[in-house]
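Peer 1: From the sequence below, what's the structure:
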Amino acid sequence: MLKSTTRHVHIYTATVENNELVPSEERLTLDIDPDNEFNWTEEALKAVYAEFDRLVDAAEGEALTDYNLRRIGSDLEHFIKQLLQQGTISYNLKSRALNYSMGLPQVVTKPSAPA
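Peer 2: Take a look at the predicted model:
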């Protein structure tokens, strides 16, 4: 079974059956943010899965190699960073590992009242 793991994206050449990974030459399984570093909305998760599908479709016909899986994982990391920078997702401050791996959180301040 091939796999590509980045901090926020794990991709396996496998299917999930009875909560177990079963190797598959034809299917990829995606695990997003396994350490629960971010707060996700359903829409944000759907966007990541849609981007994953787009990247997999774009690679159709290419050999299923470690390099190609890593490339998809890396592209998804960049996509997740964009979601964070846009404010679509945010850091989970209750995460067990607060390391701000995608940059420091943005702090929105209220404009001060004129003097």
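Peer 1: which residue ranges form the helices in the protein?
Peer 2: Under the criterion DSSP state H, the chain contains helices at 42-58, 66-86.
Peer 1: Pick the most deeply packed of the ones you listed.
Peer 2: By mean neighbour count, with neighbours taken as mean count of other C-beta atoms under 10 Å, helix 66-86 ranks first of those at a mean of 16. For glycine as for every other residue, the C-beta is placed from the backbone atoms N, C-alpha and C.
Peer 1: Just want the angle from it to helix 42-58.
Peer 2: Angle of helix 66-86 versus helix 42-58, following axes from the mean of the first three to the mean of the last three C-alpha atoms, to 10 degrees, is 150 degrees.
Peer 1: Distance from helix 66-86 to the middle of the chain?
Peer 2: 6 Å (C-alpha atoms, centre = their mean, to the nearest Å).
Peer 1: which residues touch that helix?
Peer 2: 2-11, 13, 28, 30, 32-33, 38, 44, 47-48, 51-52, 55-56, 59, 62, 89-91, 102-103 (C-beta atoms under 8 Å, 6 or more residues apart in numbering).
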